[in-house]
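# sequence? don't have it. structure:
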């Protein structure tokens, strides 16, 4: 049976390893920054692709070029665009789950570096700037102030809005893209299967976050 992260940390550091624990927390912090930047970039791309899709399907003659790709109402690229959007959704959730794990590791190492600070949850005050819809606050009720409570409520509501919005978009997208001719059903079906795959795994990753 695999050892838990907390057990591995306890075996790797002790109360005399203050300097090493501090260095490791600094490395964790760098990784968290890298992941959060990737999450923001992918979220921006997701929103941009949704806007492009809606623009194309809303205008019969609109054509957009992205690099060597040209997207128009009847292009195969448009058929697979919802699948690309669901992939970015899954990637955002996966990266978020990884950041959650990094925070858990940070808290465990911080407990070794400053036991009293951990008891007073000072590590909870060291969050990186995160998207509004994604709160990492796990402060106990005893130490929650108004800002913590407002952040938890707003981020939970926005997170569910994002999830429901993506699912609603995908449903609308495949309804709009449903081919009038049987010859075009195969790429539509393949795109739909890919989208379902990414959405399902995105939700599974969310359950572990």
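Yes, it's here. Given the structure is predicted, the values throughout are model-derived calculations rather than measurements. Numbering: from 1, shown residues only.
# Name the next helix or strand following the worst-scoring helix or strand of the chain on mean pLDDT along the chain.
Ranked by mean pLDDT, DSSP states H and E, the helix or strand of the chain with the weakest confidence is strand 63-66, at a mean of 71. Next along the chain after strand 63-66, taking DSSP states H and E as the criterion, comes strand 69-72.
# which outside residues touch that next one?
Residues outside strand 69-72 that contact it (CB atoms under 8 Å, 6 or more residues apart in numbering): 52, 56, 62-65, 77-78, 81. Any C-beta I mention is one placed from the backbone N, CA and C, and that applies to glycine too.
# Direction included, what does it pair against?
Using DSSP bridges, strand 69-72 pairs in its sheet with strand 63-66 (antiparallel).
# What subset of the contacts of strand 69-72 is buried?
52, 56, 78, 81 (16 or more other CB atoms under 10 Å).
# Which single one of these is nearest to residue 169?
residue 81 (10.7 Å; CB to CB).
# Need the pLDDT of the closest one.
Predicted confidence (pLDDT) for residue 81: 93.
# wait, what's in contact with it?
Residue 81 touches 49, 52-53, 71, 173, counting by CB under 8 Å, 6+ apart.
# ok, back up a step: list the ones among the buried ones among the contacts of strand 69-72 that fall in strands.
Secondary structure defined by DSSP state E assigns none of the buried ones among the contacts of strand 69-72 to strands.
# Which of these fall in helices?
52, 56, 78, 81 (DSSP state H).
# Roughly how far does the first one sit from residue 184?
Relative to residue 184, residue 52 is positioned 20 Å away (CB to CB, to the nearest Å).
# Which helix or strand lies directly C-terminal to the helix or strand where residue 155 lies?
In this assignment (DSSP H and E), residue 155 forms part of helix 146-177. Scanning forward in sequence from helix 146-177 by DSSP H and E, the next helix or strand is helix 185-208.
# Could you measure from the closest residue to residue 65 other than its chain neighbours over to residue 177?
Among residues not flanking residue 65 along the chain, residue 71 sits closest, at 7.6 Å (CB to CB, 6 or more residues apart in numbering). According to CB to CB, residue 71 and residue 177 sit 13 Å apart.
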